[in-house]
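> okay, here's the prediction I keep looking at, along with the sequence it came from:
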Amino acid sequence: AQSVTQLGSHVSVSEGALVLLRCNYSSSVPPYLFWYVQYPNQGLQLLLKYTSAATLVKGINGFEAEFKKSETSFHLTKPSAHMSDAAEYFCAVSAAGGGNKLTFGTGTQLKVEL
Amino acid sequence: KAGVTQTPRYLIKTRGQQVTLSCSPISGHRSVSWYQQTPGQGLQFLFEYFSETQRNKGNFPGRFSGRQFSNSRSEMNVSTLELGDSALYLCASSLSAGANVLTFGAGSRLTVL
């Protein structure tokens, strides 16, 4: 069974600083990995998706994530935080052929301070 | 292009009642998935429908059920509501089963008193 662990339920950064949100996965087979963002009172929006085509995945809003098999990690980064990035971020995993059944991490609330 | 539409957005029920939530997927999307989001359990997969057939089911009791219509619209039903069913119920649509790129609706927030 697949699972993901997000380290740090709350992360605070200054505007303009690097954003690093951590995600480690557990899967017996090469997984599909995702990062989603959720703004208050809204659904989830896909930031990026890894499907084994390339280990460095670029997403929307300047975010990117690197798949590291040796570390079973898929950390999300953004070089320079903006106030509008404040939201909750979820890492998710699904097995190839597993349909649209995603297993989500517990989420990381990102706070961006002036 | 309209997004995923969920109705109602907010509702309040009492224990023992039942509730039906509706989801209209993006035009052309044939797969609909449902997720429950609570502060304690996080985001949990409920079920997925494709071409009116349930393809996957999460680990929820039989009180939770769903269906999909020929126009891909989906409904989920929860019977004999319990306090713990209070949650944000999110619907997501995808072009096909296994496409993995899900577009989520804004959710239906259910409060059980």
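Right, received. Where do you want to start?
> what about B:Gly28, how many residues close to it?
The criterion is other Cβ atoms under 10 Å in any protein chain shown. On that basis, B:Gly28 has 9 neighbouring residues. The way it works is simple: take the backbone N, C-alpha and C, and place the C-beta from them, glycine included.
> wait, doesn't it sit right on B:Ser93?
No - counting by Cβ atoms under 8 Å, no contact exists between B:Gly28 and B:Ser93, whose distance comes to 9.2 Å.
> A:Ser84 should be in a helix, yeah?
Yes - under DSSP: H, G, I helix; E, B strand; the rest coil, A:Ser84 falls within a helix.
> residues in contact with it?
Residues touching A:Ser84, when contacts are defined by Cβ atoms under 8 Å, 6 or more residues apart in numbering or on different chains, are absent altogether.
> ok, A:Tyr25 - how many residues close by?
If you count neighbours by other Cβ under 10 Å, A:Tyr25 ends up with 22.
> tell me the buried residues in the helix or strand hosting it?
Element membership of A:Tyr25 [criterion: DSSP states H and E] is strand A:19-26. By neighbour count, with 16 or more other Cβ atoms under 10 Å in any protein chain shown as the criterion, the buried positions of strand A:19-26 are A:Val19, A:Leu21, A:Arg22, A:Cys23, A:Asn24, A:Tyr25.
> any idea which helix or strand comes after that strand?
Under the assignment DSSP H and E, the closest C-terminal helix or strand after strand A:19-26 is strand A:31-38.
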